[in-house]
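Asks: what follows is a protein structure lacking sequence information:
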């Protein structure tokens, strides 16, 4: 079995990160200890691959793509920078890069059986699923929780 976590933060890139990084580090390590091939895909300043507690950590650096060019062009405008559009485009660029890195690993090593992404920073936005399970960890879905409780 092969498992991939697609996340916005992990202790290798965010040493002082909070709950999300801690959760992914613990879950991925526990799965790897039980003999499950486990990968983590996380944005970073530079691309590199390492092994941490038997987990393959794929740090995904920035790359040139449609999203990065659009973010660069629109980010130069003061009006766009302060409207939040530039930040949203930057998040799309990171999400696209994570999906591409996952696809590259799958192309050379085979498909993962299941994926887990997080809603934080839209990390799993561009993932393709096929016939596999995709779990999403919702970090801030208070409105969904309240709606479920009221039923």
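Replies: On my side now, so go ahead. Values in this document were obtained by computation on a predicted structure and should not be read as measured data.
Asks: use CA for all of it now, contacts and neighbours both
Replies: Will do.
Asks: surely residue 134 and residue 114 touch.
Replies: Yes. The pair residue 134 and residue 114 qualifies as a contact (C-alpha atoms under 8 Å) at a distance of 5.8 Å.
Asks: which stretches of this structure form strands?
Replies: 2-6, 37-43, 48-52, 55-60, 114-118, 133-137 (DSSP state E).
Asks: export those strands as TSV, with columns for mean pLDDT, mean neighbour count and distance to residue 150.
Replies: Converted to TSV, the strands of the chain look like this (pLDDT from 0 to 100; neighbours: other C-alpha atoms under 10 Å; distance: least, C-alpha to C-alpha, whole Å):
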stretch	mean pLDDT	mean neighbour count	distance to residue 150
strand 2-6	97	22	31
strand 37-43	97	24	36
strand 48-52	95	12	42
strand 55-60	97	22	40
strand 114-118	93	20	25
strand 133-137	86	15	21
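Asks: picking that back up, overlap in contacts, residue 134 and residue 114.
Replies: Residues touching both residue 134 and residue 114 (C-alpha atoms under 8 Å, 6 or more residues apart in numbering): there are none.
Asks: and residue 124, how many neighbours?
Replies: Residue 124 has 26 neighbouring residues, counting by other C-alpha atoms under 10 Å.
Asks: excluding sequence neighbours, find me the nearest residue to it.
Replies: In this structure, residue 124 finds its nearest non-sequential neighbour in residue 117, 5.2 Å apart by C-alpha to C-alpha, 6 or more residues apart in numbering.
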